[in-house]
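Colleague: Return atomic coordinates for the entry below.
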Amino acid sequence: MARAHEATERFLESSVPDLVLSVGYAGATDPSFQTGDLILPTEIRSESPSDRFVTDPYWRDEIARRLKENQIPYRS
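Modeller: Next up, the predicted model:
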């Protein structure tokens, strides 16, 4: 995880993307999560307690709207 985090930080130092998509494995954080669950978080955390990233409400809502339109289940 640390290498991905460092690579992302280096990328963001030299670029200004419109969107950063974070894909991870959260099954260990909540026993109610099942394999294949799609989760739209309000924040993303790494192994360091100081690394907390709030997700963009616009994009979260837009993704949720499109998932609902296509009847794709997700959790938030």
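Colleague: For the rest of this, base every contact and every neighbour count on C-alpha atoms.
Modeller: Fine.
Colleague: how about the helix or strand of the chain with the lowest mean pLDDT: buried residues?
Modeller: Least confident helix or strand, the chain: helix 2-14 with a mean of 77, by mean pLDDT, DSSP states H and E. Residues of helix 2-14 include none that count as buried (16 or more other CA atoms under 10 Å).
Colleague: give me the low-pLDDT residue ranges for the chain?
Modeller: Within the chain, the segments meeting pLDDT under 70 span 1-4, 24-28.
Colleague: Please, where are all the helices along it?
Modeller: Here the chain has its helices, by DSSP state H, at 2-14, 57-69.
Colleague: right, so of those helices, which gets closest to residue 46?
Modeller: Among the helices of the chain, the nearest to residue 46 by CA to CA is helix 2-14 (8.2 Å).
Colleague: For that closest one, C-alpha coordinates in CSV please.
Modeller: Output of helix 2-14 as CSV, limited to C-alpha atoms (Å, rounded to 0.1, in the frame of the first residue of the first chain):
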residue,chain,number,x,y,z
ALA,A,2,2.8,2.4,0.8
ARG,A,3,4.2,2.2,-2.7
ALA,A,4,0.8,3.0,-4.3
HIS,A,5,0.4,5.9,-1.9
GLU,A,6,3.8,7.3,-2.7
ALA,A,7,3.3,6.9,-6.4
THR,A,8,0.0,8.7,-6.2
GLU,A,9,1.5,11.6,-4.3
ARG,A,10,4.3,11.9,-6.9
PHE,A,11,1.8,11.9,-9.7
LEU,A,12,-0.4,14.6,-7.9
GLU,A,13,2.7,16.8,-7.4
SER,A,14,3.2,17.1,-11.2
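Colleague: Any idea how far it is from the middle of the chain?
Modeller: On the basis of CA atoms, centre = their mean, to the nearest Å, helix 2-14 is displaced by 15 Å from the centre of the chain it belongs to.
Colleague: ok, the residue nearest the centre of the chain to residue 55 distance?
Modeller: Of all residues in the chain, the one closest to the mean position by CA atoms, centre = their mean is residue 22, 4.3 Å from it. Applying CA to CA, to the nearest Å, the value for residue 22 to residue 55 is 10 Å.
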